[in-house]
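Trainee: Predicted coordinates and the sequence they were generated for:
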Protein chains: 4
Amino acid sequence: MKTLGAKIIAIETGMVKISCERNEGLTQQHGFFHAGVITSIADVACGYAAMTTMPEGAEVLSVEFKTNLMRPADAEKIIATGKVIKSGKNLVFCEATITDDQEEQLFATLQGTMFCIQPNKKE
Amino acid sequence: MKTLGAKIIAIETGMVKISCERNEGLTQQHGFFHAGVITSIADVACGYAAMTTMPEGAEVLSVEFKTNLMRPADAEKIIATGKVIKSGKNLVFCEATITDDQEEQLFATLQGTMFCIQPNKKE
Amino acid sequence: MKTLGAKIIAIETGMVKISCERNEGLTQQHGFFHAGVITSIADVACGYAAMTTMPEGAEVLSVEFKTNLMRPADAEKIIATGKVIKSGKNLVFCEATITDDQEEQLFATLQGTMFCIQPNKKE
Amino acid sequence: MKTLGAKIIAIETGMVKISCERNEGLTQQHGFFHAGVITSIADVACGYAAMTTMPEGAEVLSVEFKTNLMRPADAEKIIATGKVIKSGKNLVFCEATITDDQEEQLFATLQGTMFCIQPNKKE
């Protein structure tokens, strides 16, 4: 998060929003946000969203995620909104959208599965 | 690449290897490489691998990729090996593995689709 | 479609709904719809949805799709709703949900990329 | 399996092969195997492969899978080879290839996650 300069800007049960400002270290040759950066903040937003549905002390690990990149992320700031779609005892399904600051342009989507380690348990 | 401190360590037609050393900015709370970092270097390895099969001047954009995370990436250095599985006129299918420095422990795999913009053409 | 006994029940620009009734050939050991059946009708719904945004005579091929299975599809009938998220010249991004007949229970989601072959062109 | 006319042709620990012959009900407008059929037999091959690594009586559920379709599956018979990549207590990661009868032409790949329900336990 620190490396990306990302900030949590909203938290609700099952939903977390993260913003990230453009800087040279995060963009590719054309000045667009790199696919890896987009995925990173979307994954983190989903992870935090998953945690809002878990008992305190639980840990969340990403099992898998997929990113679809729809158009170049050409913006001063991007917003990743992670949402819990289904929360089970072990597995949490999440989706994220990555948009511009106004949440008007959709740059990418992510679908992912998180594994939840309940407090006082180890896999 | 610079932000990640990543380096290309091997290039062949259809295959590129990238290494990345552990540092605090790239790891999560337990000191393991972050899923977003793993995905970033795997995506970059696939992108470069795709370019080795393209005419000079072609550009490669990631359309989508999926990362499966098998075990915590607990290593001093990780290696992403990107390979072209099928190269078409427009689309290139790639796969990557992310391993430890010895390429013995498999931490994650990535499957992705790249879109190729031929030189002197714009989508 | 015939093998699955599936029927198109709604078509709009960028959206197609398909229904499929439970029968023995489509279910697994517990009587739930098989993951492959769910994926098949979701893929078909996305393909038709993509076609509604294409010039007449265009063909649509699935490049890739991912299915997340959230809960057992235990229903007499399932509905796959395919939607176009972004339509480009070559690539169309689609998403589908698979629900029960009332569209209340979400069984699965699919995210996919379609490749469009314009009329009078061959890849 | 019966609906698809699919047959298990090889089983080893961590690997299962399934074959499926072309017939009208399984192909799309050009006579190629439908993407949904390809995915179905690949998913089943992965599921059985996962079971070979589990205690007797365990059940395996598909959590998610992704199919990449590389070229039209134009063959009299297709073979899906499912392999376990990593087997954990709860989650099993698998990959499958879908090829022609000679296993020379690669039509598609699938990457998936299975959830294992140990005997005498319910999720």
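Mentor: All right, it came through fine.
Trainee: What residues does chain A have near chain D?
Mentor: A:V63, A:E64, A:K66, A:G88, A:K89, A:N90, A:L91, A:T113, A:F115, A:E123 (Cβ under 8 Å from any Cβ of the partner chain). Every C-beta, even on glycine, is put in place using the N, C-alpha and C of the backbone.
Trainee: cutoff 10 Å now
Mentor: With Cβ under 10 Å from any Cβ of the partner chain as the criterion, chain A meets chain D at residues A:63-66, A:88-91, A:93, A:111-113, A:115, A:123.
Trainee: just the residues you listed that are near chain C?
Mentor: Among these, chain C is touched by A:E64, A:F65, A:K66, A:G88, A:L91, A:F93, A:Q111, A:G112, A:T113 when using Cβ under 10 Å from any Cβ.
Trainee: so where's chain A uncertain?
Mentor: A:121-123 (pLDDT under 70).
Trainee: got a list of what the one residue sitting closest to the centre of it touches?
Mentor: Among the residues of chain A, the one closest to the centroid is A:A42, at 2.1 Å (Cα atoms, centre = their mean). With contact set as Cβ atoms under 10 Å, 6 or more residues apart in numbering or on different chains, A:A42 has these partners: A:18, A:65, A:67, A:78, A:80-82, A:94-98, A:107-112, B:36.
Trainee: go with 7 Å
Mentor: A:T67, A:A80, A:G82, A:A96, A:I98, A:L110 (Cβ atoms under 7 Å, 6 or more residues apart in numbering or on different chains).
Trainee: from these, which two are the most distant?
Mentor: The largest separation in these, counting by Cβ to Cβ, is between A:T67 and A:G82 at 12.7 Å.
Trainee: Separate out the buried members of the ones next to chain C among the residues of chain A next to chain D.
Mentor: Buried members of these, counted by 16 or more other Cβ atoms under 10 Å in any protein chain shown: A:E64, A:F65, A:K66, A:L91, A:F93, A:Q111, A:G112, A:T113.
Trainee: Export those to a markdown table and append columns for secondary structure.
Mentor: Shown next, in a markdown table, are these (DSSP: H, G, I helix; E, B strand; the rest coil):
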| residue | secondary structure |
| --- | --- |
| A:E64 | strand |
| A:F65 | strand |
| A:K66 | strand |
| A:L91 | strand |
| A:F93 | strand |
| A:Q111 | strand |
| A:G112 | strand |
| A:T113 | strand |
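Trainee: what about A:C46, is that helix, strand or coil?
Mentor: Under three-state DSSP, A:C46 comes out as helix.
Trainee: what number of residues lie near it?
Mentor: 31 (other Cβ atoms under 10 Å in any protein chain shown).
Trainee: ditto for A:V84
Mentor: Residues near A:V84, counting by other Cβ under 10 Å: 21.
Trainee: Over to A:A45?
Mentor: A:A45 has 28 nearby residues by other Cβ under 10 Å.
Trainee: So A:T27 sits against A:F33, correct?
Mentor: Yes. A:T27 lies in contact with A:F33 (Cβ atoms under 7 Å); the separation is 5.8 Å.
Trainee: Tell me which of the two has more neighbours.
Mentor: A:F33 (24 against 16).
Trainee: Tell me how far the residue lying closest to the more buried one once chain neighbours are set aside lies from A:A10.
Mentor: Nearest residue to A:F33 in three dimensions, chain neighbours excluded: A:A73, at 3.8 Å (Cβ to Cβ, 6 or more residues apart in numbering or on different chains). Distance from A:A73 to A:A10, counting by Cβ to Cβ, to the nearest Å: 20 Å.
Trainee: go on, A:M51?
Mentor: In terms of Cβ to Cβ, A:M51 sits 14 Å off from A:A10.
Trainee: Pick out whichever of the two has more residues nearby.
Mentor: Between A:M51 and A:A10, counted using other Cβ under 10 Å, the more crowded position is A:M51 (19 against 12).
Trainee: which residues does that one contact?
Mentor: Contacts of A:M51 (Cβ under 7 Å, 6+ apart): A:A58, A:V60.
Trainee: swap in A:I41?
Mentor: Here A:I41 is in contact with A:L4, A:A6, A:I18, A:C20, A:A80 (criterion: Cβ under 7 Å, 6+ apart).
Trainee: Just give the number of residues close to the nearest residue to the second one once chain neighbours are set aside.
Mentor: Pointing back at A:A6 there. Among residues not flanking A:A6 along the chain, A:C20 sits closest, at 4.5 Å (Cβ to Cβ, 6+ apart). Using other Cβ under 10 Å, A:C20 has 24 other residues around it.
Trainee: Next to chain B, which bits of chain A? Give me the list.
Mentor: Neighbours of chain B within chain A, by Cβ under 7 Å from any Cβ of the partner chain: A:2-3, A:25-26, A:34-36, A:39-40, A:43, A:62-69.
Trainee: Where helices are concerned, which of the residues you listed count?
Mentor: Secondary structure from DSSP state H places A:A35, A:G36, A:T39, A:S40, A:D43 of the residues of chain A next to chain B in helices.
Trainee: May I see the buried residues of stretch A:66-79?
Mentor: A:K66, A:T67, A:N68, A:L69, A:M70, A:A73, A:A75, A:I78, A:I79.
Trainee: Of the contacts of A:A42, grab the buried ones for PyMOL.
Mentor: The PyMOL selection below is limited to those of the contacts of A:A42 classed as buried (16+ other Cβ under 10 Å):
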select buried, chain A and resi 67+80+82+96+98+110
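Trainee: Just the contacts of A:A42: which are in strands?
Mentor: A:T67, A:A80, A:G82, A:A96, A:I98, A:L110 (DSSP state E).
Trainee: Going by distance to D:E103, which of those wins?
Mentor: Once Cβ to Cβ is applied, the member of those that ends up nearest D:E103 is A:T67, at 30.8 Å.
Trainee: quick one: contacts for that closest one?
Mentor: A:A35, A:I38, A:T39, A:A42, A:A108, A:L110, B:E64, B:F65 are the contacts of A:T67 under Cβ under 7 Å, 6+ apart.
Trainee: at 6 Å instead, please
Mentor: A:T39, A:A108, A:L110, B:F65 (Cβ atoms under 6 Å, 6 or more residues apart in numbering or on different chains).
Trainee: Pairing-wise in the sheet, spell out the partners of it.
Mentor: A:T67 has these beta-bridge partners by DSSP bridges: A:L110, B:F65.
Trainee: could you measure it against C:T113, distance?
Mentor: The value you get for A:T67 to C:T113, if Cβ to Cβ is used, is 12 Å.
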